Structures are given as structure tokens and as C-alpha cells.
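*Asks:* Show me the folded form of this:
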Amino acid sequence: MRVMFTGIGGSGAWVMRGEQLAATRTNWRAVANATKRDLSAIDAVVVVKHISDRGLAALRKWGGPIIYDPLDFWDQRASRFCHANPALQIANA
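*Replies:* Numbering: from 1, shown residues only. Sure, this is the predicted structure:
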């Protein structure tokens with residue numbers, strides 16, 4: 001299966017869950033800010049953390065399976081200052 005990892009790129013999460021995972025298989029690749037052209041000959045796409053509206057529109061037009069990897073998609077700096085322990089607030093909801 002030919003898998004492409006995409007997202008906005010540039011973050012540590014992108015490196016770990018996009019570039020490094022793609023590097024584990026010969027038919028997987030990581031392309032930050034993928035375009036319609038990047039989607040040719042791909043069987044599935046994994047969106048890492050964030051994607052632009054333009055990138056999401058291209059994926060929808062492409063029509064193949066999209067796997068969303070939302071792990072830590074929130075702005076960590078902002079949530080750290082807003083709540084002393086967000087995990088406890090979720091658990092107590």
C-alpha cells in the first residue's frame with residue numbers, strides 16, 4: 001500500500017509522525033502541504049496534526065481514504081497556560 005503522510009509540517013510532531021514513519025517503508029512518503037499532484041499513485045493519506053484548508057480540499061477531491069492523526073493537535077503553549085492540568089479537566093467532565 002502506498003501511503004503519504006501530510007500536514008502543515010515543521011513541528012516536532014511532523015518529524016516524528018510524518019517524516020520518520022514514512023521513512024520506515026519504501027512505498028510510504030512524507031510531503032508537507034501536499035497538493036493534488038502529490039496525491040497521484042497514492043492509496044491512502046495520513047494527515048498529521050494540522051492541514052491547511054487548501055490541502056484538505058485537495059484530499060476531498062482526491063477521494064481516497066484519509067486517516068487523521070490528531071494527537072496533540074491543540075496549541076500546547078496556550079492550553080498549558082489556560083488550565084493547570086487539562087487532562088484532569090477532561091477526566092472530571
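
*Asks:* Which residue, neighbours along the chain excluded, lies closest to D38?
*Replies:* V31 (4.8 Å; Cβ to Cβ, 6 or more residues apart in numbering). All C-beta atoms are positioned from the backbone trio N, CA, C, and that covers glycine.

*Asks:* Report the contact partners of that neighbour.
*Replies:* Residues in contact with V31, defined by Cβ atoms under 8 Å, 6 or more residues apart in numbering, are 4-6, 38.

*Asks:* From I42, how far off is V15?
*Replies:* Separation of V15 from I42 (Cβ to Cβ, to the nearest Å): 21 Å.

*Asks:* again, but for T24
*Replies:* 17 Å.

*Asks:* which of those two has more neighbours?
*Replies:* Set side by side, T24 and I42 show more neighbours around I42, with 20 against 7, by other Cβ atoms under 10 Å.

*Asks:* looking at this, the more buried one is in a strand?
*Replies:* No. Looking at I42 with DSSP: H, G, I helix; E, B strand; the rest coil, it is coil, so not inside a strand.

*Asks:* With adjacent residues omitted, what lies nearest to it?
*Replies:* Nearest to I42 is M4, by Cβ to Cβ, 6+ apart, at 4.7 Å.

*Asks:* host element of that neighbour?
*Replies:* Per DSSP states H and E, M4 falls inside strand 3-6.

*Asks:* sorry, back to before: bridged to the residue nearest to I42, which residues?
*Replies:* Note on M4: beta-bridge partners R29, V45, judged by DSSP bridges.

*Asks:* residues contacting it?
*Replies:* 22, 28-31, 34, 38-39, 42, 44-46.

*Asks:* now, among the residues you listed, which is nearest to I66?
*Replies:* Nearest to I66 among the contacts of M4: V45, at 5.2 Å, using Cβ to Cβ.

*Asks:* Noted, bye for now.
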